[in-house]
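K.L.:
fold the stuff below for me.
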Amino acid sequence: MRTSPAWLLLMALIAFGAGLFGTFILDDFAIFSDPILTSWSGWWEVWRFNQTRPLTYFTFWLNYQVGGSNPIGYHAVNLALHLCSVWLAFGALRRLMPEKIAWVATAIFAVHPTQSEAVNYVFARSTLLMAVFCLLSLREWLHERRWRAVLWFALALLAKEEAVAWPMFMVLLHWSRSRPEYEWKPISAMFGLSLLLGARVLLAADATPGSGAGTQAGISAWDYFWTQGLVIWSYAAMFVAPLWPYRLDSRVAPGIYWWAWVAVVAVVGLASRRMRGPRAGFWVVATLVLMLPSSSVFPAADLAADRRMYLAVLAGAVAIAMSSPRIEYALVVLVGLSVMRTWDWLDAERFWRKQASYGSARSMVQLARVVEPPEAVGLLERAKGNSPDDPLIASELGRAYLTSGAVDKALVEFGRGLALTPNHPQALSNRGVALLLLKQREAAQADFERALQLDPCSFEARLNGMRMGLQVGKAPQHCRYTDEERRALQGE
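P.N.:
A predicted model of the protein is given here:
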């Protein structure tokens, strides 16, 4: 009874169950900005080339068709996926090690506070889906059903590209079990799929403006790589000492942290010497392997994110369970910490207030969007002091001043934003609004027309131009507007 999987699911529910009643945070709102996800006929378009995670977006489409924009349905799917991962993880681990160690390791995986972002952040669903399919692949592999394992792995790749590390984990697992026989065809198929899907994701990310990955990341692959040695140690600190505060934004600035990578390689080298048999060393190496897609040379706009650790936490939990037999007594503490973190995710204002308390300019911008204009202006002025060259802050501060009725100050900030991003359609449209309110119609018209020349699909420039009585023409066919935006442009 003590090692029953039912107890694992119960603990996971206690730790993260309140997340069902959470709201949408940050990129969650992007789900509703894509008309493909909110239209009944758009189910097949989620598989278009420039969509890097089509299976994940298909589940968002299903969520919207069933429950619209009610957040409880989206959170319910995320929680269900986490519970599936816990169930599958225990089933696989108990075939690889004594049941007691498998249970303790899965329990840590199920309730560790580091998992709170992946479970409670709707947009992190890709991580959960990937983990479920990777664990299904492992289950089939352990049952000698190799080609079924390949099929589940292919679905994991369609959920999230970070699954490309899974075949390497499978190879290392086989080697650690000292089994000389090996079926190279299915594992070669996995590596082949990784190469194909990996190349497709890189091309799609490069071709999609604002993707936040590849050439759109805002950081070179080399600079990103050098940050990741220190990021890995910060991940380790959060895993071993979960009292470490949760911060959505990475505090790691780009730099050559060669000493951090030397330390990582040294630890992995020592662990690899003890990989044979059911040893903790293998799981230390496996933890790093599962982190490499997001912590190596593939750049992303966010240098670090807790959700990227989700599957790696399972490998780390096994290493801890094997090394510290008494660790099970800490599970109550882990559950309590996860309940506290989940509580923060339930309300957007509470969440962003805590994040802003760490001095994050990005979090101040987000908090400013959910508070009253006077407080928003104060927050954004602080953020401006921390990051004076951030065009997003200039844009948001201009909007806050506009809402407060200080149009002249709004014009100054919109102008500053345009100076930071010359010829940016959104910045031009913003300044045009302020100029129009100051009754400078000719200057406002010039800004709206210039914005539409640069981006004929700019919704705000098109709508403001129409309201001025300008002949803006018909929007190009390739423009993608939400249903609400389309109705606004049609004057409904």
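K.L.:
distance check, the one residue sitting closest to the centre of the chain against Leu454.
P.N.:
The centroid of the chain falls nearest to Ala124 when counting by CA atoms, centre = their mean (4.7 Å). Note on Ala124: its distance to Leu454, by CB to CB, to the nearest Å, is 33 Å. All C-beta spots, glycine's among them, are computed from the backbone N, C-alpha and C.
K.L.:
that older thread, I'd say the residue nearest to the centre of the chain and Ser116 touch.
P.N.:
No - taking contacts as CB atoms under 8 Å, Ala124 lies outside contact range of Ser116: 10.0 Å.
K.L.:
how close does the residue nearest to the centre of the chain sit to Leu243?
P.N.:
Ala124 is 22 Å from Leu243, by CB to CB.
K.L.:
related to what we said a few turns ago, how about the contacts made by the residue nearest to the centre of the chain?
P.N.:
Asn78, Glu117, Ala118, Arg307 (CB atoms under 8 Å, 6 or more residues apart in numbering).
K.L.:
so of those residues, which ones are in strands?
P.N.:
Per DSSP state E, strands hold no members of those.
K.L.:
so which of the residues you listed comes closest to Lys100?
P.N.:
Nearest to Lys100 out of the contacts of Ala124 is Ala118 (CB to CB; 26.2 Å).
K.L.:
for the closest one, give me its contacts.
P.N.:
Asn78, His82, Ala124, Thr127, Leu128, Asp306, Arg307, Tyr310.
K.L.:
in the helix-or-strand element of the chain with minimal mean pLDDT, what counts as buried?
P.N.:
Least confident element among the helices and strands of the chain, by mean pLDDT, DSSP states H and E: helix 483-489 (a mean of 76). By neighbour count with 16 or more other CB atoms under 10 Å, helix 483-489 contains the buried residues Glu485, Ala488, Leu489.
K.L.:
can I get those in JSON lines with distance to Thr287?
P.N.:
Output for these, formatted as JSON lines (distance: CB to CB, whole Å):
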{"residue": "Glu485", "distance to Thr287": "44"}
{"residue": "Ala488", "distance to Thr287": "49"}
{"residue": "Leu489", "distance to Thr287": "50"}
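K.L.:
now stretch 56-71: average pLDDT?
P.N.:
In this model, stretch 56-71 has a mean pLDDT of 90.
K.L.:
chain center to it: distance?
P.N.:
Offset of stretch 56-71 from its chain centre (CA atoms, centre = their mean, to the nearest Å): 18 Å.
K.L.:
now do stretch 82-100
P.N.:
On CA atoms, centre = their mean, the centre of stretch 82-100 falls 25 Å from that of its chain.
K.L.:
quick one: low-confidence ranges for the stretch 301-450 of the chain?
P.N.:
Within the stretch 301-450 of the chain, the set of residues satisfying pLDDT under 70 comprises 325.
K.L.:
the helices in it, which residues?
P.N.:
Ranges of helices within the stretch 301-450 of the chain are 310-323, 331-345, 348-356, 361-368, 373-386, 391-404, 407-420, 425-437, 441-454, based on DSSP state H, counting those that start in this stretch.
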